[in-house]
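> model the structure of this input:
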Amino acid sequence: MCEQGMFDLPGTIRAVNQNTGLEDDKVNGMPTDLLGREYETFPAPQPLQQHGPARVIAMCNQKGGVGKTTSSINIGGALAQYGRRVLIIDFDPQGAATVGLGINANAVDSTIYTALFDPTLDPHEVVQHTAFENIDIIPANIDLSAAEVQLVTEVGREQILNGVLRKLKNEYDVIIVDCQPSLGLLTVNALTAADGVIIPVAAEFFALRGVALLMQSIEKVQSRINPALQVYGVLVTMYTKTLHCEEVMQRIYEAFQDKVFHTVISRSIKLPDSNVAAAPVVIYAPQHKTSKEYREVARELVARGVVA
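Prediction:
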């Protein structure tokens, strides 16, 4: 687990709440409303007095490098700053979300892989508390790469993650499943367990190509396994103010209309810096433009009723 002294932070999320004026967070100067939609800043939500049951969100795109893990960590971190209890499920054998929250997955006894295939294990034993208030994680490591093969022979193979999360939902307000970049059985498990999907899409042409395949997979899960599954939104990431990015934004809007989040996430060196520091950027650099963008996404999720 990461040490709070590893980087220059105000300490905990509670301290961030007190010292950065999140209630007055504004989006002035942010690349918001690029599609010309009527827009105003979403209000800062009040902390919850009681927690659960959690809304399960799958962070999903089969293309790698579009910001799934970064968005999982930072949307979770922003919601935690607003008093929501957050559980992140690292569902990628690369274990990036685990490392990004300061957990050494090779040093823990159990991971999400253990929880999937040991029905006698209480999932609470796999949950790791991070150094950040209101954020827990179920870690992953390379062992999870064997799960695709093992799931093939399992009874009710699409429902296994759902069975794990069912025992944890009442203790959290949101559970974010950070999916691996594929459309295999692990991703199908995530879509089956989820109430909705957030699709991060990098503002570049190649990132658009695979979204149609992902939508086909989502529609299959909706029709065959999880009819309540929704697409909560498309989150544009890695935005820079260039003609190429603006053209990609227009194509995304034409395809998804009001499903596109009002706020887009800028490309920023602060994101890899925060990964090295093993902290969400909303904590590592709370006043940075990118932190404000992620907090605005969290506000939108609450304002739309996706998260309590």
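> alpha carbons only for contacts and neighbour counts from here, please
OK.
> pull the contacting residues for Asp195.
Arg55, Val56, Ile57, Ala228, Leu229, Gln230 (C-alpha atoms under 8 Å, 6 or more residues apart in numbering).
> at 6 Å instead, please
Residues near Asp195 by C-alpha atoms under 6 Å, 6 or more residues apart in numbering: Val56, Leu229.
> I'd like to know how far it sits from His244.
Noted for Asp195: a distance of 33 Å to His244, by C-alpha to C-alpha, to the nearest Å.
> ok, Glu300 next?
26 Å.
> of the two, who's got more company?
Under the neighbour definition other C-alpha atoms under 10 Å, Glu300 and His244 were set side by side, and Glu300 has more, 21 against 13.
> mind checking the SS state of the more buried one?
Following DSSP: H, G, I helix; E, B strand; the rest coil, we place Glu300 in the helix state.
> for it, which non-adjacent residue is closest in space?
Phe42 (6.0 Å; C-alpha to C-alpha, 6 or more residues apart in numbering).
> neighbours of the one you found, just the number please.
20.
> Lys241 now?
Neighbour tally, Lys241, other C-alpha under 10 Å: 10.
> backbone phi and psi for Asp136, please?
phi -120, psi 160 (degrees, to the nearest 10).
> so what's it up against?
By C-alpha under 6 Å, 6+ apart, Asp136 lies in contact with Leu87, Gln128, His129, Thr130.
> try it again at 8 Å.
Asp136 neighbours (C-alpha under 8 Å, 6+ apart): Val86, Leu87, Ile88, Val127, Gln128, His129, Thr130.
> just put those in CSV and tack on secondary structure.
Below are these laid out as CSV (three-state DSSP):
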residue, secondary structure
Val86, strand
Leu87, strand
Ile88, strand
Val127, coil
Gln128, strand
His129, strand
Thr130, coil
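> buried ones among these?
Val86, Leu87, Ile88, Val127, Gln128, His129, Thr130 (16 or more other C-alpha atoms under 10 Å).
> tell me which element the residue nearest to the spatial centre of the chain is part of?
Computing the C-alpha centroid of the chain and ranking residues by C-alpha atoms, centre = their mean puts Ser72 first, at 2.2 Å. Per DSSP states H and E, Ser72 falls inside helix 68-81.
> what lies in contact with that helix?
13-14, 16-17, 59-61, 85-88, 96-97, 100-101, 133-135, 176-179, 199-200, 271, 280-283, 291, 294-295, 297-299.
> which ones among the residues you listed map onto strands?
Met59, Val86, Leu87, Ile88, Ile135, Ile176, Val177, Asp178, Cys179, Ile199, Pro200 (DSSP state E).
> now the buried members of those.
Neighbour-count burial within these applies to Met59, Val86, Leu87, Ile88, Ile135, Ile176, Val177, Asp178, Cys179, Ile199, Pro200; the criterion is 16+ other C-alpha under 10 Å.
> for the residues you listed, which one is nearest Leu144?
Cys179 (11.6 Å; C-alpha to C-alpha).
> strands along the chain, start to end?
Under DSSP E, the chain gives strands at 55-59, 86-91, 128-129, 135-138, 174-179, 196-202, 230-237.
> show residues contacting the first one.
With C-alpha under 8 Å, 6+ apart as the test, strand 55-59 has contacts from 68-69, 72, 169, 173-179, 190-191, 193-200, 306-307.
> pLDDT on it, on average?
Taken as a whole, strand 55-59 has a mean pLDDT of 98.
> dump it to CSV, restricted to CA.
Below are the C-alpha coordinates for strand 55-59, written out as CSV (Å, rounded to 0.1, in the frame of the first residue of the first chain):
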residue,chain,number,x,y,z
ARG,A,55,-24.5,1.2,-8.7
VAL,A,56,-22.1,-1.0,-10.7
ILE,A,57,-20.4,0.7,-13.6
ALA,A,58,-18.3,-1.2,-16.2
MET,A,59,-15.5,1.0,-17.7
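> what lines up beside that strand in the sheet?
strand 174-179 (parallel), strand 196-202 (parallel) (DSSP bridges).
> please identify which of those strands is closest to Phe261.
In terms of C-alpha to C-alpha, the element of the strands paired with strand 55-59 nearest to Phe261 is strand 196-202, at 9.7 Å.
> the closest one to helix 68-81, inter-axis angle?
120 degrees (axes from the mean of the first three to the mean of the last three C-alpha atoms, to 10 degrees).
> how far is strand 196-202 from where the chain is centred?
Remark: strand 196-202 is offset 9 Å from the chain centroid, using C-alpha atoms, centre = their mean, to the nearest Å.
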